[in-house]
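**Q** sequence unknown, structure follows:
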């Protein structure tokens with residue numbers, strides 16, 4: 001993978017959130033291009049608020065996987081709402097399931113599933129880069 005993927009541009013106060021989102025989207029696309037193969041093995045990841053049912057989100061991801069001809073290798077969920085993914089056990093299990101000879105990446109409903117905070121989301125992309133994995137979103141960053 002390209003080492004420039006991990007290069008973080010400095011965002012000053014004058015730059016908009018939109019520019020940051022576009023850069024994160026570009027970084028995610030770079031990850032996904034690096035993991036392209038014939039049949040992707042994908043871990044599904046859902047984040048809900050405490051007490052909410054993850055089933056509707058998994059149904060959306062199952063549909064995406066069927067359309068994309070992915071092989072689903074695992075399902076992971078956290079119910080911690082808007083929290084840093086670094087402290088979510090389901091996210092950690094999904095990332096650990098990725099890498100050479102294992103899953104090619106993680107599918108989630110949207111960037112917000114990982115984190116609405118650009119710094120946290122960027123760190124999650126770095127985790128996946130280190131694992132040699134991609135992140136596949138049902139709704140890309142620019143659709144939020």
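**A** Happy to help now that I have it. Owing to the predicted nature of the structure, the values given are computational and were not obtained by experimental measurement.
**Q** make it CA atoms for all contacts and neighbour counts henceforth
**A** OK.
**Q** count of neighbours near the nearest residue to residue 91 once chain neighbours are set aside?
**A** Closest residue to residue 91 apart from its sequence neighbours, by CA to CA, 6 or more residues apart in numbering: residue 85 at 6.4 Å. Using other CA atoms under 10 Å, residue 85 is surrounded by 21 other residues.
**Q** wait, doesn't residue 85 sit right on residue 120?
**A** Yes. If you go by CA atoms under 8 Å, residue 85 and residue 120 touch, sitting 7.1 Å apart.
**Q** residue boundaries of the strands in the chain?
**A** Ranges of strands in the chain, per DSSP state E, are 41-47, 71-78, 105-110, 134-139.
**Q** so can I have JSON lines of those strands showing distance to residue 20 and mean neighbour count?
**A** Putting these into JSON lines (distance: least, CA to CA, whole Å; neighbours: other CA atoms under 10 Å) gives the following:
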{"stretch": "strand 41-47", "distance to residue 20": "22", "mean neighbour count": "25"}
{"stretch": "strand 71-78", "distance to residue 20": "26", "mean neighbour count": "17"}
{"stretch": "strand 105-110", "distance to residue 20": "16", "mean neighbour count": "24"}
{"stretch": "strand 134-139", "distance to residue 20": "17", "mean neighbour count": "21"}
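**Q** Adding mean pLDDT and distance to residue 60, write these out as TSV.
**A** Output for these, formatted as TSV (pLDDT from 0 to 100; distance: least, CA to CA, whole Å):
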stretch	mean pLDDT	distance to residue 60
strand 41-47	97	10
strand 71-78	97	13
strand 105-110	96	8
strand 134-139	93	8
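**Q** want to throw the ones you listed into TSV with distance to residue 22?
**A** TSV is the format used below for these (distance: least, CA to CA, whole Å):
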stretch	distance to residue 22
strand 41-47	22
strand 71-78	26
strand 105-110	14
strand 134-139	14
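**Q** just so I know, which of the ones you listed lies nearest residue 30?
**A** With CA to CA as the criterion, residue 30 lies closest to strand 134-139 of the strands of the chain, at 8.5 Å.
**Q** about what we covered before: nearest to residue 64, of the strands of the chain?
**A** Nearest to residue 64, of the strands of the chain and by CA to CA, is strand 134-139 at 6.9 Å.
**Q** Nothing else from me, thank you.
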